[in-house]
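In: model the following, please.
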Amino acid sequence: MENKNLSISLQCKLASVSRATHYSQKGLKEPDSEDDLLLKIIDEEYTKTPFYGSRRMRTVLKNKGYCINRKRVQRLMEILGIRGIAPGPDTSKPHPEHKIYPYLLRGVKITKPNQVWSTDITYIRLEHGFVYLVAVMDWYSRKVLSFRISNTMSVGFCVDCLEEALAIYGAPEIFNSDQGSQFTSGAFTKILLDRSIQISMDGRGRAFDNIFVERLWRTLKYEDVYLRGYSNMPELLLGLTSYFSFYNAQRFHQALQNKTPNQVYESGQWGGALIIDKFNETTGVTEEKNQEKITALSNQPELDLYLSN
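Out: So this is what the prediction gives:
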């Protein structure tokens, strides 16, 4: 049994095991002490200001007393699987041999359940390390259809999450994701293609293309993860299961006319979204103007008129 009065390092020394072995047995990655603290700060700041890229995140860290270079900030943001919402360099690089599909949702009106599903991966910090969370969401109702956690960014837990959603809820017309290698892999896209599901992928560096899942992560972290401070993966799994049950069945959404995702999904009423092309690069809209719009949008509690860049 773990002695909470002793540091992890001392416990490992007394038991003649390495720190890496200790963390691997618990299903965790061994954290670097400073990196772990920086990841925590970046995660919390990104949740508040998802339009911050590596430059502004470096400034945030500098103001908190951490003078690190931008390359290290980019590496840490890549570990978290995040990038600034504003158009710019993308830290989530697709596999060079994987096919990239076009974004299909500009100008599309979401009018029914199972018209569009989407997925994304986020980082969840634990007491001693961190894990990744993937979820599948129905855009019309905002219902979370399935989720999985993993201590690696492998394709396996993403495939499991997708297969569970398909087994329970049938197939959507369009499935949207970012260009991460998990979602562009043949193992993932084959499942969609075999069911004649259209594949849509976000433009590089454009996190607003998957805004509803981005907002889910923000809601989850503020309403549950940051408040509870989960210690390990089993505890996190139980907590997420409870939260997503609450989110689907009891949490009212302003954009859904104060109905729950379950009510909207099952009835086919009160939901939907209109996706319009607002930030057109050919119109000469400046980055500053884009940033103003992004900041205003990120502060809205709900978003059913979705502005795509």
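In: let me see the ranges of the helices in the stretch 101-250 of the chain.
Out: 155-169, 181-184, 186-194, 211-220, 226-228, 233-249 (DSSP state H, counting those that start in this stretch).
In: buried residues in the host helix or strand of residue 57, which are they?
Out: Per DSSP states H and E, residue 57 falls inside helix 54-63. The neighbour-count check on helix 54-63 (16 or more other Cβ atoms under 10 Å) flags 54, 57-58, 60-61 as buried. (Each C-beta comes from the backbone N, C-alpha and C, glycine too.)
In: looking at the helices of the stretch 101-250 of the chain, which is buried most?
Out: Mean neighbour count, computed with mean count of other Cβ atoms under 10 Å, is highest for helix 181-184 among these, reaching a mean of 22.
In: helices or strands up against that helix?
Out: helix 155-169 (3 or more Cβ pairs under 8 Å, 6 or more residues apart in numbering; DSSP states H and E).
In: about what we covered before: of all the buried residues of helix 54-63, which comes closest to residue 175?
Out: Of all these, residue 175 sits closest to residue 54, with 29.1 Å by Cβ to Cβ.
In: pretty sure that closest one is touching residue 73, no?
Out: Yes: Residue 54 lies in contact with residue 73 (Cβ atoms under 8 Å); the separation is 4.6 Å.
In: quick one: residue 135 from residue 67, how far?
Out: Distance of residue 135 to residue 67, given as Cβ to Cβ, to the nearest Å: 36 Å.
In: same thing with residue 155?
Out: Distance from residue 155 to residue 67, by Cβ to Cβ: 37 Å.
In: got it, and residue 147?
Out: Taking Cβ to Cβ, one finds residue 147 at 37 Å from residue 67.
In: neighbour count winner among those two?
Out: residue 147 (22 against 7; other Cβ atoms under 10 Å).
In: spatially nearest residue to the more buried one (excluding sequence neighbours)?
Out: Excluding the flanking residues, the one nearest residue 147 by Cβ to Cβ, 6 or more residues apart in numbering is residue 135, at 4.1 Å.
In: now do the same contact list for the one you found.
Out: By Cβ atoms under 8 Å, 6 or more residues apart in numbering, the residues touching residue 135 are 119-120, 144-148, 161, 213, 216, 244.
In: so which of these would you say is closest to residue 267?
Out: Nearest to residue 267 out of those is residue 145 (Cβ to Cβ; 16.4 Å).
In: could you pull up the residues touching that closest one?
Out: Residue 145 neighbours (Cβ under 8 Å, 6+ apart): 117, 135-138, 164-165, 168-169.
In: of the residues you listed, which is the nearest to residue 224?
Out: Checking the contacts of residue 145 one by one against residue 224 (Cβ to Cβ), the nearest turns out to be residue 135, at 13.2 Å.
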